[in-house]
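**Student:** Here's my sequence, what's the structure:
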Amino acid sequence: MFDQLQKMLRLVRADYADLRYELMRETKIDFGGRELTGLSASSTDGYVLRVLKNGGWSSVAFTKPEDAEPAARSAVENAELLVQGGARPVRLAHIPPVQDEFRPALKEDPRTVPTEAKLDLVRRYNDIALDHSKVVTTSTRYRDISRDKFFVSTEGARLREELITVLLTGQIVAREGNLTQTIMFFFGGSEGFARLRGREAELAERVKICVDLLRAEPVTGGEYRAVLDPSLAGVFTHEAFRHYSEADIIEDMPTLREKMRIGAELGSNVLSITDDPTRPDQIGGTAMTTKAWRRGRSR
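**Tutor:** Here you go, the predicted structure:
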């Protein structure tokens with residue numbers, strides 16, 4: 001693949017160019033209650049070419065190798081037009097070229113697990129919830145996704161990264177009279193299919209929580225100290241910070257660029273949030289602590 005990408009890159013007449021290629025394979029299994037509503041396996045691939053010409057920065061996406069030459073011409077023409085049209089010239093920082101490969105150490109590669117075995121596992125977990133008399137329905141979804149990514153540049157960079165994730169998610173709905181409660185469950189990670197095996201007890205605990213909520217006392221409106229569900233806390237963090245640190249927004253909004261600078265304090269000083277994508281066996285990770293929690297732990 002690297003030889004093919006380098007050949008495509010030689011078609012570009014520009015000051016700098018890089019080319020990405022990704023092959024993605026995905027398996028999906030879906031249950032709605034006891035009904036199997038979806039079962040599919042698919043693959044897709046494509047290329048993204050970026051060029052810098054006379055200060056103009058342009059990108060073109062294409063899906064067929066034979067489209068590389070017209071894509072290269074289009075990318076260069078667009079870059080030149082951008083500068084002629086008054087766009088601010090782009091200058092790239094110098095970065096030493098890197099050549100490296102990364103492949104995850106998997107505990108059972110999901111690509112080697114037969115589809116029938118995946119279906120049996122998902123059905124068994126789904127049935128654990130449905131076998132409870134107060135559970136009226138479920139929505140259970142399985143996904144395994146493998147991404148094989150390649151990157152080459154005219155400066156000599158040559159990178160390959162393989163990412164494989166497995167996910168089992170869903171909703172459990174319990175009902176008693178006119179009262180309904182819903183709870184989510186999530187299992188998954190990036191260390192292989194083994195991550196999903198042996199989770200029966202955890203799923204049964206989620207079912208118990210859902211059913212127990214049917215007897216929970218209603219909350220009276222007011223202000224309370226609260227412990228947030230980790231997944232929901234992650235959503236809050238995503239909406240509050242992630243979108244405001246996207247590169248195009250930071251580039252186009254000087255005031256936001258100043259606000260989101262490294263070292264800036266955002267929000268309350270009693271909360272600390274750390275984004276750490278290097279945590280093993282996970283799809284990134286976020287850790288949250290508060291001063292009150294730390295004080296309690298230190299005693």
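**Student:** how is this protein carved up into domains?
**Tutor:** 2-216, 225-299 (automatic domain parsing).
**Student:** Out of these, indicate the one that is most buried.
**Tutor:** Greatest average neighbour count among the domains of the chain goes to domain 2-216 (a mean of 16), per mean count of other CB atoms under 10 Å. The C-beta positions use only the backbone N, C-alpha and C, and glycine is treated the same way.
**Student:** before we move on, the earlier item: so can I have CSV of the domains of the chain showing mean pLDDT?
**Tutor:** Shown next, in CSV, are those (pLDDT from 0 to 100):
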stretch, mean pLDDT
domain 2-216, 95
domain 225-299, 69
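**Student:** contacting residues around A247?
**Tutor:** A247 is in contact with no residue at all, counting by CB atoms under 8 Å, 6 or more residues apart in numbering.
**Student:** Oh, that last question was meant for D127, not what I typed.
**Tutor:** Shown in contact with D127 (CB under 8 Å, 6+ apart): R34.
**Student:** Tell me the spacing between it and I209.
**Tutor:** Remark: distance between D127 and I209 (CB to CB, to the nearest Å) = 18 Å.
**Student:** How about A194?
**Tutor:** Taking CB to CB, one finds A194 at 25 Å from I209.
**Student:** Which of the three states applies to V48?
**Tutor:** At V48 the chain is in strand, as set by DSSP: H, G, I helix; E, B strand; the rest coil.
**Student:** pretty sure it contacts L19?
**Tutor:** Yes - with contact defined as CB atoms under 8 Å, V48 and L19 form a contacting pair (7.3 Å).
**Student:** what residues are shared contacts of those two?
**Tutor:** With CB under 8 Å, 6+ apart, V48 and L19 have no common neighbours.
**Student:** in the protein, which spans are strands?
**Tutor:** 16-32, 35-53, 56-62, 99-102, 135-153, 158-176, 179-189, 271-275, 286-290 (DSSP state E).
**Student:** Please identify the pairing partners of the second one and their relative orientation?
**Tutor:** Taking DSSP bridges as the criterion, strand 35-53 sits next to strand 16-32 (antiparallel), strand 56-62 (antiparallel) in its sheet.
**Student:** now those strands as CSV including distance to S139?
**Tutor:** What follows is those, written out as CSV (distance: least, CB to CB, whole Å):
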stretch, distance to S139
strand 16-32, 6
strand 56-62, 33
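**Student:** how about the ones you listed, which one is nearest I95?
**Tutor:** Closest to I95 of those, according to CB to CB: strand 16-32, at 11.0 Å.
**Student:** Contacts only, for R143.
**Tutor:** Counting by CB under 8 Å, 6+ apart, R143 has contacts E26, T27, K28, T165, V166, L167.
**Student:** Let me see the contact set for Y142.
**Tutor:** Y142 touches T27, K28, I29, D30, K118, L121, V122, V166, L167, L168, counting by CB under 8 Å, 6+ apart.
**Student:** Please repeat the previous calculation with a cut-off of 6 Å.
**Tutor:** Counting by CB atoms under 6 Å, 6 or more residues apart in numbering, Y142 makes contact with I29, V122, L168.
**Student:** Can you lay out these as TSV showing distance to A79?
**Tutor:** Output for the contacts of Y142, formatted as TSV (distance: CB to CB, whole Å):
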residue	distance to A79
I29	44
V122	48
L168	44
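**Student:** which among these gets closest to A216?
**Tutor:** Looking across the contacts of Y142 and measuring by CB to CB, the closest to A216 is L168, at 26.2 Å.
**Student:** nearest to L5, of the strands paired with strand 35-53?
**Tutor:** strand 16-32 (5.3 Å).
**Student:** Return the alpha-carbon coordinates of the closest one using PDB.
**Tutor:** Extracted C-alpha coordinates of strand 16-32, given in PDB (Å, rounded to 0.1, in the frame of the first residue of the first chain):
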ATOM      1  CA  TYR A  16       4.000  20.100   0.000                       C
ATOM      2  CA  ALA A  17       1.400  17.300  -0.100                       C
ATOM      3  CA  ASP A  18       0.300  14.400   2.000                       C
ATOM      4  CA  LEU A  19      -2.100  11.500   1.300                       C
ATOM      5  CA  ARG A  20      -4.200   9.500   3.700                       C
ATOM      6  CA  TYR A  21      -5.900   6.100   2.900                       C
ATOM      7  CA  GLU A  22      -8.300   4.300   5.200                       C
ATOM      8  CA  LEU A  23      -9.900   0.900   5.000                       C
ATOM      9  CA  MET A  24     -12.800   0.400   7.400                       C
ATOM     10  CA  ARG A  25     -14.600  -2.800   8.100                       C
ATOM     11  CA  GLU A  26     -17.700  -3.000  10.300                       C
ATOM     12  CA  THR A  27     -20.000  -5.700  11.700                       C
ATOM     13  CA  LYS A  28     -23.500  -4.700  13.100                       C
ATOM     14  CA  ILE A  29     -26.000  -6.700  15.000                       C
ATOM     15  CA  ASP A  30     -29.200  -5.200  16.400                       C
ATOM     16  CA  PHE A  31     -32.000  -6.500  18.500                       C
ATOM     17  CA  GLY A  32     -35.300  -4.800  19.300                       C
END
